[in-house]
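Asker: sequence? don't have it. structure:
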């Protein structure tokens, strides 16, 4: 062991008492290679994505984007197209209230040409493309870390005509940002109630509401983590994470042409949610338990947060998540299976699920993961599907 020898000098030295052997590079600002960055790419097809030929691309340093709303929107290519869309919508709010089953949008996608726009806090940064409404595109997003380079992931494929708000959580969501968002949403609702429609835009109504839900989700996740860290004796550090909330459109195709596009609801998509977790006693099993528990809570918050923020006494909203889907399946008497390399051959014949889900389960198990899944789909409201968990048994991390 060593002892630190304290030396008290009467005069503060102007430099350290060491000889300079080597001086590294000096610069007046941080080089681009040392900056943390974010990028979002939009592609016309998966083939263009394969060859990395984006239609639109946004790339900026994280300090330029933190606390700002990033939106992907599609706007009518011409005034005539805008008028065509309006002609298919209900004439008034009263018409919707009198007939709750009236579809808000079932539009002929093949007649509607649209262009894509990426915006930051409502200001258009880049736009382009010419698509039919309902066309399915491709998108990737990623963060740049000086020590690891770019780490891109594939986003849920955008459908032309949807509206998507992205939020970045790098070091946590400050209370000030939540208060500002709440004030913006209250102002938008006030304009609606007073019928001051001309002062509303898609950005300060739809954009602010969707963005506020993603930010509130991240804030809730971080607060729950702070509460649970002491119980599990772990230290957790938030890494750059990304989520989005979008209008969910369902196109119907005839010979690859979108003949109709219907609004199904809203979807919260947490694309990247990463932290660094270390157990204070280097207990890897306890550390994995904490990560697994955090994942379950994060999945539950995916249906809790939108339901809380979008519901009111007259119009309750019900959300769905992987955890909730599994719980509902269990309540309905379905069997819940844990699929591993040891059980997959016995379980697969008992699953009444789509070929895509079965393929996903097989790939996960082949990679050494554990899958928790119900034997068949469930229906809640107008949604039908299945919830399942893919967990790494060593680390507790997973996909929901």
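Answerer: That came through fine. Note that the structure is a prediction, hence the values are computed from the model and not measured.
Asker: In this structure, mark out all the helices, start to finish.
Answerer: Assigned helices in the chain, in chain order: 46-50, 62-65, 79-88, 93-98, 175-193, 208-232, 284-310, 322-331, 344-347, 355-366 (criterion: DSSP state H).
Asker: Quick one: closest of those helices to residue 125.
Answerer: With C-beta to C-beta as the measure, helix 62-65 is the member of those nearest residue 125 (10.8 Å). In this view, the C-beta of every residue, glycine as well, is placed from N, C-alpha and C.
Asker: What are the buried residues along the closest one?
Answerer: Burial within helix 62-65, assessed by neighbour count using 16 or more other C-beta atoms under 10 Å, is assigned to 62, 65.
Asker: one step back: how about JSON lines for the helices of the chain, with distance to residue 255 and mean pLDDT added?
Answerer: What follows is these, written out as JSON lines (distance: least, C-beta to C-beta, whole Å; pLDDT from 0 to 100):
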{"stretch": "helix 46-50", "distance to residue 255": "19", "mean pLDDT": "95"}
{"stretch": "helix 62-65", "distance to residue 255": "41", "mean pLDDT": "94"}
{"stretch": "helix 79-88", "distance to residue 255": "22", "mean pLDDT": "86"}
{"stretch": "helix 93-98", "distance to residue 255": "33", "mean pLDDT": "46"}
{"stretch": "helix 175-193", "distance to residue 255": "41", "mean pLDDT": "75"}
{"stretch": "helix 208-232", "distance to residue 255": "33", "mean pLDDT": "91"}
{"stretch": "helix 284-310", "distance to residue 255": "36", "mean pLDDT": "93"}
{"stretch": "helix 322-331", "distance to residue 255": "34", "mean pLDDT": "96"}
{"stretch": "helix 344-347", "distance to residue 255": "38", "mean pLDDT": "96"}
{"stretch": "helix 355-366", "distance to residue 255": "22", "mean pLDDT": "96"}
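Asker: Present the ones you listed as JSON lines; the columns should include distance to residue 152.
Answerer: Putting those into JSON lines (distance: least, C-beta to C-beta, whole Å) gives the following:
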{"stretch": "helix 46-50", "distance to residue 152": "10"}
{"stretch": "helix 62-65", "distance to residue 152": "15"}
{"stretch": "helix 79-88", "distance to residue 152": "33"}
{"stretch": "helix 93-98", "distance to residue 152": "40"}
{"stretch": "helix 175-193", "distance to residue 152": "26"}
{"stretch": "helix 208-232", "distance to residue 152": "20"}
{"stretch": "helix 284-310", "distance to residue 152": "22"}
{"stretch": "helix 322-331", "distance to residue 152": "23"}
{"stretch": "helix 344-347", "distance to residue 152": "30"}
{"stretch": "helix 355-366", "distance to residue 152": "20"}
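Asker: Out of those, which gets nearest to residue 153?
Answerer: Residue 153 lies closest, by C-beta to C-beta, to one member of the helices of the chain: helix 46-50, at 12.2 Å.
Asker: who does that closest one touch, helix- and strand-wise?
Answerer: Here helix 46-50 touches strand 138-145, going by 3 or more C-beta pairs under 8 Å, 6 or more residues apart in numbering; DSSP states H and E.
Asker: Outside of the strand it packs on itself, which residues are in contact with it?
Answerer: Here strand 138-145 makes contact (C-beta atoms under 8 Å, 6 or more residues apart in numbering) with 35-46, 48-49, 62, 72, 150-158, 166, 240, 242, 271-272.
Asker: about what we covered before: out of the helices of the chain, which comes closest to residue 379?
Answerer: Ranking the helices of the chain by proximity to residue 379 (C-beta to C-beta) places helix 322-331 first, at 9.3 Å.
Asker: hmm, who's touching the closest one?
Answerer: Residues external to helix 322-331 that are found in contact with it (C-beta under 8 Å, 6+ apart): 296, 299-300, 302-303, 336, 372-376, 378, 380, 385-389, 400.
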